[in-house]
Every structure is written in structure tokens, then in C-alpha cells.
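Student: The sequence isn't on hand, but the structure is:
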């Protein structure tokens with residue numbers, strides 16, 4: 001059977017399972033992986049076995065990091081560290097720039113904490129801001145969505161970008177650094193668009209303002225930020241040292257001497273373990289938590305993380321099955337080998353393909369994370385086996401996929417209802433504000449990705 005037809009059958013299995021049969025994404029992805037693997041060439045005995053192998057390989061790549069990130073995020077919420085970061089941004093920028101402060105806070109907190117938790121944390125501040133000014137309520141809500149949405153989809157260790165990086169073989173430190181760079185202008189454009197929407201559609205919250213009742217003492221700013229900043233610095237240090245030692249023009253012996261140590265401390269699993277340990281330590285000190293309290297916090301975190309790990313691992317199995325169809329060489333011959341001229345133009349097709357496919361899957365089934373991991377699995381099978389033949393670093397394919405997953409959010413997205421119900425705005429107001437703002441964030445990050453791929457290819 002033709003590889004493209006097998007791909008379409010795999011996509012139909014995923015979307016039909018999620019939308020038609022209302023299956024959990026894990027079951028839909030596993031079923032699609034088995035269907036594709038059975039139709040792909042290979043020995044009959046290996047067709048199911050390679051699905052399990054792909055599942056295990058992906059889980060081994062991302063499972064520990066996601067679990068530890070969930071623990072760190074939950075501990076930051078319980079200790080008040082997240083609240084401390086929020087207050088620091090508002091104090092720094094001033095209450096007259098509350099929207100900017102909320103956007104910046106969402107940008108930072110969504111690196112280790114899931115989007116819905118960040119939104120839940122910050123909505124009371126949007127309400128209190130409206131109570132003081134009697135205006136800008138929609139701008140406050142959209143500022144949170146823009147900042148948190150940008151890093152949630154572009155910067156590990158949140159599950160989506162982490163899975164995309166692992167599937168495409170992108171170094172995690174590179175994904176963090178480039179994701180932060182791409183997310184910054186995207187969040188800024190989202191903030192500007194939020195102000196524009198608010199001026200044309202002022203919104204009054206449907207429910208009364210509820211001031212956050214933070215009566216417990218908050219930790220210091222430095223210890224609050226450490227669980228976020230430390231893993232980013234450690235992982236990035238290994239990336240920087242490796243890039244310097246691999247560069248022909250750099251002959252400093254110090255970088256080679258540091259490489260073995262940064263390889264250890266910059267390992268994502270160890271970095272996130274330190275982050276989780278720090279966050280739990282702050283939680284234990286601030287709340288005088290017992291061992292039983294810490295155990296309950298970990299159990300609660302891991303229950304949510306386990307569900308996400310299963311979905312991402314299932315997408316890895318789907319990707320391995322697609323690779324067995326040999327769709328990659330076919331796409332390479334169609335788009336790259338027959339390009340009019342070898343160069344940047346022939347590689348950009350993968351950026352736009354990733355962006356477009358992720359957008360379509362997002363529109364169809366609603367989850368940005370599922371859209372990212374499914375598209376990454378497809379693109380991993382389509383990209384040239386030698387990534388060095390691309391005119392730019394594979395990280396830009398990853399950020400293009402993440403950008404597309406923000407475009408097309410509507411009523412089948414849980415974030416849509418989170419914004420509407422927690423924000424106290426109507427469904428129509430949500431559709432006219434939440435949907436276009438996230439599309440602006442996604443399109444801006446895609447434009448930034450293309451510009452960086454052209455000007456800073458990182459090869």
C-alpha cells in the first residue's frame with residue numbers, strides 16, 4: 001500500500017477514535033499505531049512488536065522529566081512560590097501595567113506548571129484588577145492566555161514541546177533556548193492584540209470578583225524562582241558547552257574539560273530532579289509539611305503526569321509505525337529531491353507542513369498537546385534521515401509544529417471552556433477573543449521561526 005494512503009488511514013483512525021467514538025487519546029493513538037504498523041512493510045512477527053518498542057523508547061525519553069516537572073509545579077503552587085512570582089511581577093511593573101505583569105507571569109509560570117493551573121492561579125488577579133480600575137478585564141484575561149499559552153506550547157518541560165523535541169531528536173537545551181526566544185515576541189504580540197480586542201469589546205465579568213485569600217506567608221522571590229531557573233540554566237549549560245566544543249574555530253581546552261561535568265548536571269532528568277527537590281523543600285519549609293503531606297503531594301502530581309506520559313508514549317509508537325511505511329524517503333523525493341534548487345527553500349516546506357498539519361489536528365480534536373505529538377510523529381518519519389541535509393536546525397521544525405498547535409482553538413478545546421467559565425465571559429465573547437488571540441500568538445511564533453531559520457540556521 002502507498003505510504004501516503006497508510007498515513008491518511010492512521011490519521012483517520014486517530015480522529016475517528018477521538019471525535020467519533022469519544023475514545024481517550026491514548027487508545028486512539030495506540031490503535032492508529034497498530035493499524036499503520038500492520039499495513040507497513042516488514043516481517044509479520046515484528047509488526048506489533050515495533051509498536052511496543054516505539055512506546056517504550058518514547059516513554060524512556062520523556063517520562064521522568066514530565067513526572068518530575070509535575071511534582072515541581074504542584075509543590076510551587078502549594079508553597080506559595082507561584083503566588084510570590086506573580087506579586088513580584090506586579091510590584092516590578094506597577095499596577096498600571098497589570099496586564100503586562102500578568103502576561104509576564106504567565107510566560108514564566110507556564111514553563112514548569114500546566115496551563116490550566118496557571119490560569120486558575122491568575123484569574124483572581126484579573127478580577128481584582130478589574131475591581132480597582134472598572135475596565136480592562138478582558139485584556140487582563142487575554143494577557144494571561146497569551147503569556148502562558150506561548151511558553152506552554154514552546155518551552156519544555158511542559159509535555160507538548162518536550163515530546164516534540166524527543167520525537168524529532170532535538171537537544172532539550174536547544175529546544176528550551178530557542179523556544180524561549182520564539183515565545184517572547186509571540187507573547188508580546190498577543191498582549192498588544194489583547195488590548196485591541198478589549199477596546200472594541202469591553203467585557204464585564206459575569207460573576208463577582210473573588211479576591212485571593214492568601215493569608216499564609218509566602219517564600220522569598222529567589223527560592224521561588226529557583227525551581228524554574230535552575231533546570232533551565234543546567235540544561236542550557238550542557239547545550240552551550242557541546243556547541244562550543246563542536247565548533248572547529250574554538251580551541252579552548254576549558255570547554256573540553258567542562259564537557260563531562262555539564263553532561264551530568266545538564267542531563268534533563270537530573271536537572272528536573274533537583275528542581276523537584278528544591279520545590280518540595282520550599283513547600284515543606286513554608287507549610288511545615290510532614291512526610292505524609294509530601295507523599296500526598298507527589299501522589300497527586302504523578303496521577304496527572306502518568307496520563308500525559310501514556311499519551312505521548314503512544315504517539316511515539318505511532319511515529320515508529322509511520323517510519324516503517326518509508327514515508328520519509330517518499331516525502332524527501334517529492335519535496336526536497338525535486339526542488340528547483342537545493343537550499344533554504346526546499347527545507348521550508350517542512351516548517352509549513354508541520355505548522356499546517358498541527359493546526360488541522362488542533363481544529364479537529366482540540367488538544368494542543370495531542371496535535372503537537374501527533375504531528376511530530378508524522379514529521380519525524382518524513383524528515384531526511386540525515387538531519388544535516390536540512391538548511392537549518394531541526395529545532396525550527398519543532399517550534400513550527402508548536403506554533404501550529406495554537407491556531408484554531410474553539411469549543412472542542414478544554415482551554416476554551418476554562419477561559420469562558422473561570423473568566424466569567426460568554427461563549428460568544430470567548431470565541432471572539434480567546435480564539436483570535438491564540439491564533440495571533442501561534443502565527444507570530446511561526447513567523448519568528450521562519451525568520452530565525454533563515455537568519456540564524458544554527459548549523
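Tutor: Structure received. Just so it is clear, the model here is predicted, and its values are computed rather than measured.

Student: ok, how many other residues are close to residue 123?
Tutor: 22 (other CB atoms under 10 Å). The way it works is simple: take the backbone N, C-alpha and C, and place the C-beta from them, glycine included.

Student: The nearest residue to it once chain neighbours are set aside: what's it in contact with?
Tutor: If you skip the residues right next to it in sequence, residue 123 has residue 422 as its closest partner in space, 5.2 Å away by CB to CB, 6 or more residues apart in numbering. For residue 422, the contact set (CB atoms under 8 Å, 6 or more residues apart in numbering) comprises 119-120, 123.

Student: now residue 282
Tutor: By CB under 8 Å, 6+ apart, the contact set of residue 282 is 75-76, 79, 81, 219, 223-224, 227.

Student: that older thread, least confident of the contacts of residue 422?
Tutor: Within the set of those, pLDDT is lowest for residue 120 (74).

Student: about what we covered before: would you check how far apart the residue nearest to residue 123 and residue 118 are?
Tutor: From residue 422 over to residue 118 the distance is 12 Å, taken as CB to CB, to the nearest Å.

Student: In the stretch 301-450 of the chain, where is pLDDT below threshold?
Tutor: By pLDDT under 70, the weakly predicted segments of the stretch 301-450 of the chain are 328-346, 365, 412.

Student: repeat that with 90
Tutor: Applying pLDDT under 90 to the stretch 301-450 of the chain picks out residues 301, 303-349, 357, 360-371, 373-375, 377-391, 408-428, 431.

Student: All the helices of it, residue numbers only.
Tutor: 327-331, 344-365, 368-382, 395-404, 414-423, 427-455 (DSSP state H, counting those that start in this stretch).

Student: Assess the claim that residue 433 and residue 140 are in contact.
Tutor: No: if you go by CB atoms under 8 Å, residue 433 and residue 140 don't touch, sitting 11.6 Å apart.

Student: Give me the secondary structure label for residue 87.
Tutor: Classification of residue 87 by DSSP: H, G, I helix; E, B strand; the rest coil places it in helix.

Student: residues in contact with the closest residue to it other than its chain neighbours?
Tutor: In space, and not counting its chain neighbours, residue 87 is closest to residue 218: 7.3 Å by CB to CB, 6+ apart. The neighbours of residue 218, taking CB under 8 Å, 6+ apart as the test, are 80-81, 83-84, 87, 224, 286.

Student: got it, and residue 231?
Tutor: With CB under 8 Å, 6+ apart, residue 231 has these contacts: 112, 157, 268, 271-272, 274-275.

Student: swap the cut-off to 10 Å and go again
Tutor: Listed by CB atoms under 10 Å, 6 or more residues apart in numbering, the contact partners of residue 231 are 65, 68-69, 72, 111-112, 156-157, 172, 176, 266, 268, 270-276, 278.

Student: For the most centrally placed residue in the chain, give me its contacts.
Tutor: Of all residues in the chain, the one closest to the mean position by CA atoms, centre = their mean is residue 153, 2.8 Å from it. Counting by CB under 10 Å, 6+ apart, residue 153 touches 110, 115, 160-161, 164, 179, 182-183, 186, 358, 368-369, 371-372, 399, 401-406, 438, 441-442, 445.

Student: element containing it, please.
Tutor: If you go by DSSP states H and E, residue 153 is part of helix 137-154.

Student: Could you identify the helix or strand that succeeds that helix?
Tutor: Per DSSP H and E, the first helix or strand lying C-terminal to helix 137-154 is helix 159-168.

Student: Quick check: buried residues in the helix or strand following that next one?
Tutor: Next helix or strand after helix 159-168 toward the C-terminus (DSSP H and E): helix 172-200. By neighbour count on 16 or more other CB atoms under 10 Å, the buried set for helix 172-200 is 172-191, 193-195, 197-198.

Student: Helix 172-200 packs against which elements?
Tutor: When contacts are defined as 3 or more CB pairs under 10 Å, 6 or more residues apart in numbering; DSSP states H and E, helix 172-200 sits against helix 44-79, helix 98-109, helix 137-154, helix 159-168, helix 221-246, helix 268-287, helix 395-404, helix 427-455.

Student: Who are the contact partners of residue 225?
Tutor: Applying CB under 10 Å, 6+ apart to residue 225 gives the contacts 76, 81, 84-85, 88, 108, 219.

Student: rewinding a little: ok, which pair from the contacts of residue 218 is furthest apart?
Tutor: Greatest spatial distance in the contacts of residue 218: 87 and 286, 14.6 Å, computed using CB to CB.

Student: okay, the two: which has more neighbours?
Tutor: Higher neighbour count among residue 87 and residue 286: residue 286, with 20 against 17, using other CB under 10 Å.

Student: Now the more buried one. Nearest residue, chain neighbours left out?
Tutor: With CB to CB, 6+ apart, the residue lying closest to residue 286 is residue 79, at 4.5 Å.

Student: Isn't the one you found up against residue 287?
Tutor: Yes: with contact defined as CB atoms under 10 Å, residue 79 and residue 287 form a contacting pair (6.4 Å).
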